[in-house]
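J.: Build me a model:
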Amino acid sequence: MDSVSNLILSLALVIIMWGMGLSLTIQDFKRVVKYPKAVILGLFNQLIILPILGLILITLLSIPAEIAVGLMILAACPGGPTSNLIVHLAKGDTALSVSLTAISSIVTVFTIPLIINFSMNHLLSQTAMVQLDVIDTIKKMCIVIIIPVAFGMMVKRYMNRFAEKMAKPVRIASAVLLFVIIIGIIVKEKDVLPGYFAQVGVATFLLNALSMFIGYFTAKLLKLSTFQSISISVESGIQNGTLALAIAVGLLENPVFAIAPAVYSIIMFLTGGFIIYWATQRSPQNTSTSTAE
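T.: Numbering: from 1, shown residues only. Sure, this is the predicted structure:
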C-alpha cells in the first residue's frame, strides 16, 4: 500500500478506537471483579487459545510463510467494536462483551508485539525476516489504541450527550473506512487474490468458526449462562481485522501480511450473521439477564 492508504488505515483505526472509548466507562473495567470467571475465560481464549489455534491451522494446512504470518497477526488481535455489536444483536451479555473488549484492548498492546515476533521467527526464513522492535511497537500501539480509547472515555464521562449522539456516526464511518481499505487491497492484489483466497480462506474461516465454538463450549463447561456463553463465543472468535491490517501494512509494510486479515474481514460478517440467527432462534432464556459469577 502507498502512504495515502496507510494514512487512511491509521485514521480508520484511530476513529474505531475513539468510537470504542465513547461507549466505555470505568465500570466496564471494574466488571472483572463482578464476573471474574467469565472475564478470565474470555481473556484466556483470546490471548492463549487463539494464537495456538492459529499455529495449529498453519501447520495442518501448510500455509505459505508470509500469509501464515498474516494469520498469526490476526490471531493476536482479538476483540473490537464489531464483536460488541454482534453480541448485542445475538442477545448475549453485552456488558461482558464490552468489558472483555476494553480489557483486551489494553492487554494486547503488550501481547501483540510478542506474538508477532515469535511468529516471524518461527515462520519466516532469515532472508525474509522482519524483526519487530517490541518497545517501539508498544509505543505506536499506545498512540493508535490507548490514547484514542482514553480520549473517547473522557468524552463519554464529561460530554455524555455528545458521546451518545456520535456513537452511530462513528460506527458508520468506521465501517465505511474498513470497506474502503478492503476494496483497496482487493484492487491492488486483484491478479493474485483468488489464489490467496484459496490458500487462506479455509484457514481464516476455521480460525473464526473453531474459536467461536471453543468459546461457547468452554463457557458451558464452566457452567456460565447461555447469555454469557454467547458473549464468550463471539469475543473468542471475532478478531479486530482493522488492527491486524494496520499492523500488517502500517508497521510491517508488507501487503502480503494483510491478505489473511482482509479475507477474514469478509468471512467474519458471514459467520457473525450465522451466530446472530442461531442465538435469536434459541430459547428466550438468552434474553434475560444472567446472575453474577
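J.: For residue 265, what is the enclosing helix or strand?
T.: Here residue 265 is covered by helix 259-280, with elements defined by DSSP states H and E.
J.: same question for the helix or strand in which residue 213 is found, mean pLDDT?
T.: Secondary structure from DSSP H and E places residue 213 in helix 193-221. Summarised as a single mean, pLDDT over helix 193-221 is 88.
J.: what do you get for stretch 93-107?
T.: 82.
J.: Grab the nearest non-local neighbour of residue 57.
T.: Using Cβ to Cβ, 6 or more residues apart in numbering and skipping residues adjacent in sequence, the residue nearest residue 57 is residue 203, 4.9 Å away. All C-beta atoms are positioned from the backbone trio N, CA, C, and that covers glycine.
J.: Check the burial of the one you found by counting its neighbours.
T.: Residues lying near residue 203 (other Cβ atoms under 10 Å) number 23.
J.: wait, doesn't it sit right on residue 58?
T.: Yes. Residue 203 is within contact range of residue 58, at 7.2 Å (criterion: Cβ atoms under 8 Å).
J.: hey, what's in contact with both of these two?
T.: Residues touching both residue 203 and residue 58 (Cβ atoms under 8 Å, 6 or more residues apart in numbering): residue 71.
J.: In the stretch 1-150 of the chain, where is pLDDT below threshold?
T.: Low-confidence segments of the stretch 1-150 of the chain, defined by pLDDT under 70: 1-9, 31-32, 125-133.
J.: now the helices for it?
T.: Remark: helices assigned in the stretch 1-150 of the chain by DSSP state H, counting those that start in this stretch are 3-22, 26-34, 36-44, 50-61, 65-75, 81-89, 94-123, 134-141, 147-158.
J.: winner for burial among the ones you listed?
T.: Among the helices of the stretch 1-150 of the chain, the stretch with the highest mean neighbour count (mean count of other Cβ atoms under 10 Å) is helix 65-75, at a mean of 26.
J.: Just want the angle from it to helix 259-280.
T.: 40 degrees (axes from the mean of the first three to the mean of the last three Cα atoms, to 10 degrees).
J.: tell me which strands and helices helix 65-75 is in contact with?
T.: helix 50-61, helix 94-123, helix 193-221, helix 241-245, helix 259-280 (3 or more Cβ pairs under 8 Å, 6 or more residues apart in numbering; DSSP states H and E).
J.: and residue 239, what are its bridge partners?
T.: residue 78 (DSSP bridges).
J.: and it, how many neighbours?
T.: 30.
J.: likewise the one 4 residues further on?
T.: Residue 243 is flanked by 29 other residues according to other Cβ under 10 Å.
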